Each structure stands twice: as structure tokens, then as C-alpha cells.
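Visitor: just to be clear, the model below is a prediction. Sequence and coordinates:
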Protein chains: 2
Amino acid sequence: MTTAHKTSTQPISHTAVKTTILTGDRATGPLHLGHYVGSLKQRVELQYTHDQTVLVADMQGLTDNANDPKKVSANILNVVADYLAVGIDPELTTICLQSQLPALAELTMYYSNVVSVARLERNPTVKTEIQSKGFGRSIPTGFLTYPISQAADITAFRATCVPVGDDQLPMLEQTNEIVRKINNLAGKEILVECEAMLSNASRLPSTDGKNKMSKSMGNAINLGASEKEIRQAVKSMYTDPNHLRIEDPGQIEGNIVFTYLDAFHPDQALVASLKEHYQAGGLGDGQTKKVLEACLLDMLSPIRQRRERYLADKGELIAVLRRGSEKARERTQKVLFDVRDVFGLNLF
Amino acid sequence: MTTAHKTSTQPISHTAVKTTILTGDRATGPLHLGHYVGSLKQRVELQYTHDQTVLVADMQGLTDNANDPKKVSANILNVVADYLAVGIDPELTTICLQSQLPALAELTMYYSNVVSVARLERNPTVKTEIQSKGFGRSIPTGFLTYPISQAADITAFRATCVPVGDDQLPMLEQTNEIVRKINNLAGKEILVECEAMLSNASRLPSTDGKNKMSKSMGNAINLGASEKEIRQAVKSMYTDPNHLRIEDPGQIEGNIVFTYLDAFHPDQALVASLKEHYQAGGLGDGQTKKVLEACLLDMLSPIRQRRERYLADKGELIAVLRRGSEKARERTQKVLFDVRDVFGLNLF
């Protein structure tokens, strides 16, 4: 099946200059507007100009959900449907499933031998996450070691570009440390270092304006949200708590309705005039919320419909994931071969 | 190639009752007389009555040798030649290479999520080894986590019987804990617990009588030792430091020459009379060493010759390892499938 790609009529030189991107999501819940602004939109654009792989990270999802594995398994196809619904095209982007790529687990094992436990414990992202999840010393081993597994993901695709938030920069540092160690052992460059592609979109706040967006917090609007859910979410959205009477001047900063209007409304001139009106006084939250509601309904309606159509045919979603995983498998096995070679283990 | 085994004419009921054994060696050096007494002899016997797999643990060997990978890669075929030379028969015993079985790395990843870091750090065997290797906090991650990898090895073959020294019992405890956790998640018994098969042979001391036998210490007699090496090793062997004159009574306890005579001499009546003579006085160390030397030369000569013949045809050694690994791969993939099922990840 994958050989068809090899017989492509595109000149090789064209393919060769494309920058390789690895990105992906933990399959622990359906994707929401935060993902849309922070990464999905960008992926749709990048797929035309880059060699892009999107990894559905089910193994990584399990590192802190082993006791509730359904949270991962039940969301794999949701995430794929989200991808397709927003316009990620499996003909342009390789969409693959982490657990279907044995090279990733094998590379993780090899890399584990060149990273000390102390180094893992110093990782600031892991430190913060351990605290926020309340793990303490009962942290699952897979969770402490997931930066190594992430390094395996990135290097297995020879990705040179990884779109991340700045909180994820320590992960790329760890990856590049491993790359240098392996290359050093090899005495030549067999793995490539990667660079962060920092998003220029600022992080979308949750609807309550307080916490990180998450399904369990009920403060996120999923891409597949129903009209009712969208209405409810907008209705309960955090605005300006001191804006008690319509005629009072209202504040834009920290007002989530305006943050979302900034992020999503197609007519930014209208948004600017609404802001002016709101700050001067005389514009009620009910009115601004109506504008946002209409805008989100408009934007999410075709995404929701496509998403539902995809989810109605799970066979096709699985086929997309299988084809992508087969392609990715071939690719990652080659890198595994090279790394195994460093350790002299390609006997047969 | 493996399908040929399925068409075996042996009645299934006969195969089914055989106890499954997993055993193996880290490929970090050629095997020596300590291995012979402690495990190899037993494996030769067990292969007729048990379903026995011997794993050449190259991945585990790398956990504390990543900076010197040749120490592992250069010894893989040595270890296989040692096996064949002592009589382990690849038709009866599956001899396979750890790095050729991706299911082992994948199972390690899944199991990592159900074992806490604190639990690993409590493992007494790992604690002792960390101390003896002087790792401190710079311990490689792969070394701290190798009990999980070992659990993957054991469970991937559904081994119920693992021949170990008593210092390895905490490893089997850890394995059975993982088995129970996975079965608990599954709601049924998909993995089997294992039991230790403790050797009734006492541990063979090193020739200097002091440390654990090891090639780097120069206190071990390898199975492939030349006549000269055997002579030298016996000559420098620790006896009774107070046995200064031949006519003095000598001590048997802690006298390595007698320990080796006990372990290897075919005529134990002769050994008994030598002991009596030695204790009474009048028997010199030179004479007891001559007896031991002759015995070891006799015993090791055919092993050395077979070993050399095997090593002269590396292609055949590789073929043995490849055939065994193919068989093992099929078997371990089935267990991986079952474990993946627990996590709901068999989408395709």
C-alpha cells in the first residue's frame, strides 16, 4: 500500500526540501477550541508546505490513566474525527497511532540507557505536572519517563520542527540531548536535532477564565459541541464581574467573551466597535454573548456535521489511521535500524 | 518457517502440560564455570521435559553499558556458542535475542504505567546493584526500570517457572505484582504469575575466593578458556593460606580447589579421599591442583572445541538465533495483543 507513495511523480528534490514536522495529541478526550486555536488551524495550513505527521498519542495518554484505560481508547477515533473535521487531510498529513508503531517503544528503551533518572527529575515540565496531578512519589514510571518516549516520537520521524507551547520547551531540550548522545556514540550524525515552532496565537483561556481548559472542568467548548452546549457555555462565560448595569462602562481585559470574539469572529472591525461600545457603557453582556454565540454556532456547525459523519463510519476512520500508521511504521523502522546499528545490534 | 512447528505430530495434550520456563543471560561477556554450575547444566536437563526459552538479553546488557555498546554486541554470538557448546539444543530450547522481540519493549511501556517510581526504588536487588556500580543519582533510567523490562520478558512467554538465584526473588515479586495489576484491569486472568525455581547447586566461588566471578576481575574460568588459561587459573587458585608445609593439616572449608573438585570431578570417592589426606596432612596444594587441572582440562576441552567450531561459522549461529527469535516473536506478539486488549487498543 505504501509503495504507491514511492511511485509519486513529484520530483524528489521538491519533497526533500520540505521541513519535517511532528505534532500530535494525547488521546484523552475530544479536542476543543483551545486545540483549534493553538494547533489544529496551524496544522491545516502547514500540511501544504511541510512534511507533517500527526501522532495520536494513546501510549502517552496511558501514562497517567492506566487505571482508566477507556479514557484513552474511547477517544482515539474522536480525535481522528476532530482532525478530519477541521480539515487535516490524510492525503497530505500522516495521521498515525502511537501504539501501532513498535519502533517508538524500542527507541524509548535504547534512549532510556543514556538519560539518568536525575535528569528526568530535573525536567521542569514533568515537575509541574507531577505537582498538579498530585502524584508525589507514587508517580507512575511511565509518567516520569515520558520525555524519553516523546524524544523517541520526535526522532523516529527525523522531525526538525515541533510546534509546541513554551511550557514544552524542556521536552525538546531533552530530545536534543538524546540526539547528541546517540550521535556521539555513533561518531556521526544519525539523528537530527529539532527546533520548536512556537505558536504566535496566545493560549485560549477557558470559559470560566480561571483554569486550563479541560473537559472534566466543564470549561471548554469541544469541536463537537452541540448547539445547546455552545449556548450554555457562552451563557456561563466569564465577563467583567464589576459590569453590573448595562449603562456602566465594562472592561475588556480578562473578559472571555471578547477574548473569544478576538479569536474567532470573522469581522474584526465589528469586534472593535463592540469593544468601544462596551468600554463606554451601554452594551450588555447578553448582547455581546449573542454575537459570540452566533459566531461560534456558525463556525462549529460544519465542523460538528463533518465530525458526526466521520464518527458514523468508524470503519473509514480506522482505515485512515491504519494507512497512516503503516506509512509511519515503515518510516520509523528505518530510524530504529539506524539506532540499533549504533549499538551493533543489527545481526539479522 | 514457524508454521512447520504447528504441524507437529505431537499430541497437543502432551505439549500443553509442559511447564514453561524463561531464562537467559545478559550478553555482556562470555559465560564461565559459574554459569555452567548455576544454570547451563540445569538448562540442558530441563529442555527435555520443559517448554524452555533462553533469552540473550542484549537490551538489558545495555542498561549499564550504553557507553560501551561493543561489550554487548561483541558477546551475543559468544553466548550463543556457549549455549550450543554445553549442549543446549535449539531444536528443544528456543534461543532468542531480546532486541529482536519488539513486544518486549512494548509490554515494558504498558507495564511502566502500573509501577510507581517509588516501587522501583524499593527493589532491594536494584538498590544493591546501584550501590555496587556506584551509580548514585546518575543511574541510567533503563537501569532503574529494568525490573519492568524483566517482567515483560517473563510474561511475554507466559513463563510460570523462572530459574533464579535467591538474590533475584524481588524481580519475580515485581513481575507478579504487574501480572496481578494487569489481570485486575482486565477483569480476568490474561497473564500468569511465575514461580522461582531455586537452584540446588550452591553458587560457585571465584578462583580468588573473594569476589563475585567476573571476567574483568580475572577470577573466572570461561567455558572457552584455553589450556593455558585453565592451568594459570588453577595455579593461582585460593587454597588454605595457613597450609604452609605439605606435612601440615590443611583446611577444606573455603579452599577453592576442593570446592571446584566437589563441583566438577566425576569421581567423588577420589575427592573424598583427597580431602581426608589433605586434612590429615601430607598432601600438598600442588598435588590437589594437578587433579583439578586434569579434571577441568578434560571437562572443558570438548566444550572449547565445539565452541570454536560454532564460532568459526557465525552464519550458523546467527541462523540459530534468527530462527529462535522468529518463533519467540510470534509467541510474544500474542501476549502483547492480549495486553493491548486490556487497554482497548486493538483497533486494527
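Guide: Arrived safely. Numbers count the residues shown, from 1 in each chain, chains lettered A, B, ... in the order given.

Visitor: can you get me a residue count around A:Thr49?
Guide: Counted with other Cβ atoms under 10 Å in any protein chain shown, residues neighbouring A:Thr49 total 11. The way it works is simple: take the backbone N, C-alpha and C, and place the C-beta from them, glycine included.

Visitor: is it true that it touches A:Lys18?
Guide: Yes - the pair A:Thr49 and A:Lys18 qualifies as a contact (Cβ atoms under 8 Å) at a distance of 7.1 Å.

Visitor: got the residues of the stretch 151-300 of chain A near chain B?
Guide: Contact residues, the stretch 151-300 of chain A versus chain B (Cβ under 8 Å from any Cβ of the partner chain): A:Leu185.

Visitor: was I right about A:Arg331 contacting A:Phe157?
Guide: Yes - assessed by Cβ under 8 Å, A:Arg331 is found in contact with A:Phe157 at 6.5 Å.

Visitor: between these two, who's got more neighbours?
Guide: A:Phe157 (25 against 19).

Visitor: show the contacting residues for the closest residue to the more buried one other than its chain neighbours.
Guide: Ranked by Cβ to Cβ, 6 or more residues apart in numbering or on different chains and with sequence neighbours excluded, the top spatial neighbour of A:Phe157 is A:Leu22, at 4.8 Å. Counting by Cβ atoms under 8 Å, 6 or more residues apart in numbering or on different chains, A:Leu22 touches A:Thr53, A:Leu55, A:Asp153, A:Ile154, A:Phe157, A:Ala159, A:Cys161, A:Val162, A:Cys194.

Visitor: hang on, A:Gly24 in a strand?
Guide: Yes - judged by DSSP: H, G, I helix; E, B strand; the rest coil, A:Gly24 forms part of a strand.

Visitor: and the closest residue to it other than its chain neighbours, what pLDDT?
Guide: Computed as Cβ to Cβ, 6+ apart, the closest residue to A:Gly24 that is not its neighbour in sequence is A:Leu55, at 3.4 Å. Predicted confidence (pLDDT) for A:Leu55: 98.

Visitor: secondary structure element holding the closest residue to chain B within the stretch 151-300 of chain A?
Guide: The minimum distance from the stretch 151-300 of chain A to chain B, using Cβ to the nearest Cβ, falls at A:Leu185 (6.8 Å). Using DSSP states H and E, A:Leu185 sits within helix A:169-186.

Visitor: now that helix: buried residues?
Guide: Neighbour-count burial for helix A:169-186 flags A:170-172, A:174-179, A:181-183, A:185-186 (criterion: 16 or more other Cβ atoms under 10 Å in any protein chain shown).

Visitor: so what's the closest residue to chain B within the stretch 1-150 of chain A up against?
Guide: For the stretch 1-150 of chain A, the residue closest to chain B is A:Ser73, as judged by Cβ to the nearest Cβ, at 2.9 Å. Neighbour list for A:Ser73: A:Asp58, B:Phe343, B:Gly344, B:Leu345 [criterion: Cβ under 8 Å, 6+ apart].

Visitor: how many neighbours does the first one have?
Guide: Neighbour count for A:Asp58, taken as other Cβ under 10 Å: 26.

Visitor: ok, the third one next?
Guide: Counted by other Cβ under 10 Å, the residues lying close to B:Gly344 total 15.

Visitor: touching, it and A:Lys70? I think so.
Guide: Yes - look at B:Gly344 against A:Lys70 with Cβ under 8 Å: they come within range, at 6.2 Å.

Visitor: and chain A, what are its domain boundaries?
Guide: A:9-204+A:314-342, A:227-310 (automatic domain parsing).

Visitor: buried deepest among these, which one?
Guide: When the domains of chain A are scored by mean count of other Cβ atoms under 10 Å in any protein chain shown, the highest mean neighbour count falls to domain A:9-204+A:314-342 (a mean of 19).

Visitor: circling back to that earlier point, give me the beta-bridge partners of the residue nearest to A:Phe157?
Guide: A:Thr53 (DSSP bridges).

Visitor: ok, now which ones touch A:Glu177?
Guide: Residues near A:Glu177 by Cβ under 8 Å, 6+ apart: A:Val115, A:Arg119.

Visitor: relative to B:Thr141, how far out is it?
Guide: Distance of A:Glu177 to B:Thr141, given as Cβ to Cβ, to the nearest Å: 13 Å.

Visitor: overlap of the contact sets of the two?
Guide: Shared contacts of A:Glu177 and B:Thr141 (Cβ under 8 Å, 6+ apart): A:Val115.

Visitor: output the below-cut-off pLDDT ranges for the stretch 51-200 of chain A.
Guide: For the stretch 51-200 of chain A, no stretch is flagged by pLDDT under 70.

Visitor: which stretches in it count as helices?
Guide: Counting by DSSP state H, counting those that start in this stretch, the stretch 51-200 of chain A has these helices, from start to end: A:58-62, A:70-73, A:76-86, A:102-112, A:117-122, A:124-133, A:141-144, A:146-156, A:169-186.
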